[in-house]
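Engineer: Let me see the structure of the following:
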Amino acid sequence: MNIKQFEYKPLAHYSYAIESEGKVAIIDPERNPEQYYAFAKANNAEIVAVIETHPHADFVSSHLEIHKKTGATIYNSKNLGADYPHQSFDEGDDIQLGKITIKAINTPGHSPDSITVVATDANDTALFTGDTLFIGDVGRPDLREKTGNMKAKREELAEMMYETITHKFKGLPDDALVYPAHGAGSLCGKSMSDANSSTLGNERMGNWAFKEQSKQEFMDTILEGQLFIPSYFGYNVDINKDGAEVVETALEKIPFEDNATAQGLIIDMRDESEFKNGHLEGSINIQATSDNAKFETWLGSIVEPEEEFILVIDTEGNKDKLLHRVAKIGYEKQLTKVITLSDKNLVKTEKLDLADFKENPNNYTIVDIRNNSEVNEGKFFKSALSHPLNELRNTAKEIPTDKPIVVHCAGGYRSAAGSSILEKQLKSVKVYDLSDDVKDFKN
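Structural biologist: Predicted structure coming up:
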């Protein structure tokens, strides 16, 4: 069995290609399908199937684009209610891919329409578990209360996940390989391992979800302490249910201006030092200078679905790369233009006097923009006001403005965005970014 795992690090997403005798099946593809075409070409093979384990919330899939390009059949559960050409793929159904037999197990819990894909040949069994079974964890059950063809309350899905883990993997061998759709860093689970694969035997021994426990104990554990839900998650479920537009066609429509200025909701992806040295007034600094930066997550958490925005980039040479990053979450539709900055009408952000802040912290209003789950584990400053970054545009007006404001997160990346939001929202007060100097205040 020839299996290739593809990783997209900013979203901690894994997708897969399986090849046998010149036939390829793609599982849970990301928005840009070029790497899957390259795999098929390198193996002198053709893509004949695309399998969706569920309609993903955290990224836009290229299943419909691959179908249009290659003619491959799209397979997913009939429970999904897909609005694109597809063939239902549920328990009792199978696909023959060369010498590999591919079957489906209905494994609801993360979503009502989740399936696990079971691929077997003469020697091996591989499980492509989507967002049902992760390495060390299971998928969160709270993403489908407000969206999708099948809506379900988190308690209902938590109970479904208990039944799935208790019953659905019985009869499968311990040496079956487990390939999830996400790893550590994804918001689709809360305590995933850094490992990118495992065996079912190892998960039965080490994954909390497989331990002997009552249904209520399982449900209490899975529901407790889940992370925030980014604004774009429900939007992506709906896009994936319909099928996304061909990505290059979508991106060609977005205008570009060099050495420009702009007004409106402006997202500036440059490094925080460049941003603070000169930016358009009211810009929000969501950094995308690193290939691993969580740009997509925070773009989709700060900017609402269908809310128009302008993107400031560092150089024209990075335009295509950054447009593809925006498209990962389907936000190209609301991106009105991309610009590089002229040197006119720029403002600077004043640097915090760190020595004075350390000496006189009570002279400042400290705003902690970490997630609630992080704050619950401990504060860096007793007097800090908690305003999670994903809510900050709405809660900024609640922050007192009688003192200068210092914004912090856990490491510095998010506070660049948070301080720029408050700089935009609170005109009557100085706003400072503690940035990576927060390390001086950790216990």
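
Engineer: use CA for all of it now, contacts and neighbours both
Structural biologist: Fine.

Engineer: next structured bit after the longest helix seen in the chain?
Structural biologist: Scanning the chain for the helix with the most residues, using DSSP state H, yields helix 413-425. Using DSSP states H and E, the helix or strand that follows helix 413-425 in sequence is strand 431-433.

Engineer: Let me see the residues that make contact with that following strand.
Structural biologist: 349-352, 404-408, 415-416, 419, 422-423 (Cα atoms under 8 Å, 6 or more residues apart in numbering).

Engineer: Helices along the stretch 301-443 of the chain, start to end?
Structural biologist: Ranges of helices in the stretch 301-443 of the chain, per DSSP state H, counting those that start in this stretch, are 319-327, 354-359, 372-376, 392-395, 413-425.

Engineer: What separation is there between the most far-flung residue of the chain relative to its centre and Ser15?
Structural biologist: Distance from the C-alpha centroid of the chain, by Cα atoms, centre = their mean, peaks at Glu359 (39.3 Å). Distance of Glu359 to Ser15, given as Cα to Cα, to the nearest Å: 50 Å.

Engineer: now the stretch 1-150 of the chain, which segments are flagged as low pLDDT?
Structural biologist: 146-150 (pLDDT under 70).

Engineer: Apply 90 and report the result again.
Structural biologist: 142-150 (pLDDT under 90).

Engineer: could you pull out the strands for it?
Structural biologist: 2-8, 13-20, 23-27, 46-51, 73-76, 87-88, 94-97, 100-106, 115-120, 125-130 (DSSP state E, counting those that start in this stretch).

Engineer: Now stretch 94-112: buried residues?
Structural biologist: 97, 100, 102-112 (16 or more other Cα atoms under 10 Å).

Engineer: picking that back up, quick one: which two of the contacts of strand 431-433 are the most distant?
Structural biologist: Taking Cα to Cα, the two most distant members of those are Pro404 and Ala416; they sit 16.2 Å apart.

Engineer: Among the two, which residue is more densely surrounded?
Structural biologist: Higher neighbour count among Pro404 and Ala416: Ala416, with 26 against 16, using other Cα atoms under 10 Å.

Engineer: Thought Ile286 was touching the more buried one, still the case?
Structural biologist: Yes: using Cα atoms under 8 Å, Ala416 is in contact with Ile286, at 7.2 Å.

Engineer: For Leu335, name its beta-bridge partners.
Structural biologist: Under DSSP bridges, the beta-bridge partners of Leu335 are Phe309.

Engineer: Export the strands of the stretch 1-150 of the chain as CSV, with columns for distance to Leu434.
Structural biologist: Shown next, in CSV, are the strands of the stretch 1-150 of the chain (distance: least, Cα to Cα, whole Å):
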stretch, distance to Leu434
strand 2-8, 30
strand 13-20, 31
strand 23-27, 42
strand 46-51, 45
strand 73-76, 47
strand 87-88, 52
strand 94-97, 55
strand 100-106, 48
strand 115-120, 44
strand 125-130, 38
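
Engineer: Which one, of these, ends up nearest to Glu374?
Structural biologist: Among those, the nearest to Glu374 by Cα to Cα is strand 13-20 (22.7 Å).

Engineer: could you give the angle of the closest one to strand 100-106?
Structural biologist: Angle between the axes of strand 13-20 and strand 100-106 is 140 degrees (criterion: axes from the mean of the first three to the mean of the last three Cα atoms, to 10 degrees).

Engineer: Quick check: of the buried residues of stretch 94-112, which lies closest to Asn371?
Structural biologist: His110 (21.5 Å).
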